[in-house]
Structures are given as C-alpha cells and as structure tokens.
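Peer 1: Need coordinates for the following:
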Amino acid sequence: MIRKSIILFIIALSIVSCRNNNFTPSEPNSQIKPDTDFQIFEEPEKADIYYLGDIVPIRYKSFSNSKTIDIHVVKKGTLRYVIGTNIQNTGSYSWQTNENIIPSVHYQIKLIDPKDERIYALSESFAVIQK
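Peer 2: Numbering: from 1, shown residues only. This next block holds a predicted model:
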C-alpha cells in the first residue's frame, strides 16, 4: 500500500512539473490582459503543427503604437530564439524554421514593443516537429 502511494505521488509530481508555464518570475507583467483584450494573434493558432524547414506565418492585429516590434520564440515562458528586432509592425511576418530548432509542442510567438517591454503579446502554443 505504501509503495502504491509513493508511485502515485511520483506520477502526480511528474505531471505537475510538466505543466505549461507561460511566464517566468523575472518576466514583466503584460499590459495586455488575455481575458479582457481582443485576440491579437490570427496565426499561429493553438495546436498548429509545423515541420522543421516550414515557414511559420505570423499574423497579428496591432497591439501597440510602435512602428517596429521585436519577435521572439518562447518555450514555457523562456526565450528560445530571437526571430528579429525592430521589424516593421505591419501585422504579418514569415519565420522559417531550420535544423537548429529543437522539436517541441510548447512554442509560442512573443511580440514585444521595443520601447516598452511590458507591452507584449503571446500566441497560443504550437508545435515544431521533425518530418
């Protein structure tokens, strides 16, 4: 009985530690509230799947008055890749994945106002996997 309890505790701990955290304690709080503000991202959508080498379309509604934005790829709240800085804030961008991308189902696109990093938006989680 004790052995079963220990095994169940270990399984539960493993599940809790694998949950998808969108923010790290050192990350500033977004000025955009997901529950009250309009949907920023049109693409990528939740659970979209892209293969290594695919082009990931990034389409969004403007969320700041800045003429440029920074675009990052985050995984569970941690910066993984900088797609670009001071990119024209046009509402769309195309990012081509490459062999340096580690396959994962926890990626998100983060748009940041370069004048104020507290103004940012996160896409839904999407996957980049091997073919």
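Peer 1: what stretches of this protein score poorly on pLDDT?
Peer 2: Applying pLDDT under 70 to the chain flags residues 1-38.
Peer 1: all strands of it, in order?
Peer 2: Using DSSP state E, the strands found in the chain span residues 41-43, 49-51, 55-60, 68-75, 78-88, 92-96, 104-112, 120-122, 126-129.
Peer 1: how close does the residue nearest the centre of the chain get to Leu79?
Peer 2: Taking Cα atoms, centre = their mean as the criterion, Gln108 is the residue nearest the geometric centre of the chain, at 1.6 Å. As defined by Cβ to Cβ, to the nearest Å, Gln108 lies at a distance of 11 Å from Leu79. Where C-beta positions appear, they are placed from N, C-alpha and C, glycine not excepted.
Peer 1: For the two, list the residues in contact with both.
Peer 2: Val73 (Cβ atoms under 8 Å, 6 or more residues apart in numbering).
Peer 1: before we move on, back to that, tell me the contacts of the residue nearest to the centre of the chain?
Peer 2: Shown in contact with Gln108 (Cβ under 8 Å, 6+ apart): 22, 73-75, 122-126.
Peer 1: what bridges to it?
Peer 2: Here Gln108 sits in beta bridges with Val74, going by DSSP bridges.
Peer 1: going forward, begin numbering at 741 instead of 1
Peer 2: With 741 as the first residue, the last one maps to Gln848.
Peer 1: returning to that earlier point: by neighbour count, which of the contacts of Gln848 wins?
Peer 2: Of all the contacts of Gln848, Ser863 has the most neighbours under the rule other Cβ atoms under 10 Å, reaching 24 neighbours.
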